[in-house]
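Trainee: please find the sequence and the predicted model below.
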Amino acid sequence: MQSIQEHEKTQETLALLKILAMGEQEISVGKTITSKEVFSGAEKLIDNSYPGHK
């Protein structure tokens, strides 16, 4: 039997493993973007969420 904390840790670990597997699958089919595209998208999200933050 697991404690609540152990169960939560197990669930978090499983969620991270699922995310990792999804990422590996996307890479294997060529569904990738460059780091420049990632940072550009992040900047747009920040600009839209926090106008005037600069």
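Mentor: The structure has been received and is ready for your questions.
Trainee: going forward, measure contacts and count neighbours with C-alpha atoms only.
Mentor: OK.
Trainee: where does the prediction get shaky in the protein?
Mentor: 54 (pLDDT under 70).
Trainee: mind listing the helices for it?
Mentor: Assigned helices in the chain, in chain order: 4-28, 35-49 (criterion: DSSP state H).
Trainee: Throw those helices into CSV and include mean neighbour count, thanks.
Mentor: Listed next are the helices of the chain as CSV, based on neighbours: other Cα atoms under 10 Å:
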stretch, mean neighbour count
helix 4-28, 12
helix 35-49, 11
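Trainee: how far away is the residue nearest the centre of the chain from Met1?
Mentor: In the chain, the C-alpha closest to the average C-alpha coordinate belongs to Ile19, at a distance of 7.3 Å (Cα atoms, centre = their mean). The gap separating Ile19 from Met1 is 26 Å, by Cα to Cα, to the nearest Å.
Trainee: show me what contacts the residue nearest to the centre of the chain?
Mentor: Listed by Cα atoms under 8 Å, 6 or more residues apart in numbering, Ile19 has no contact partners.
Trainee: fine, thanks again, bye for now.
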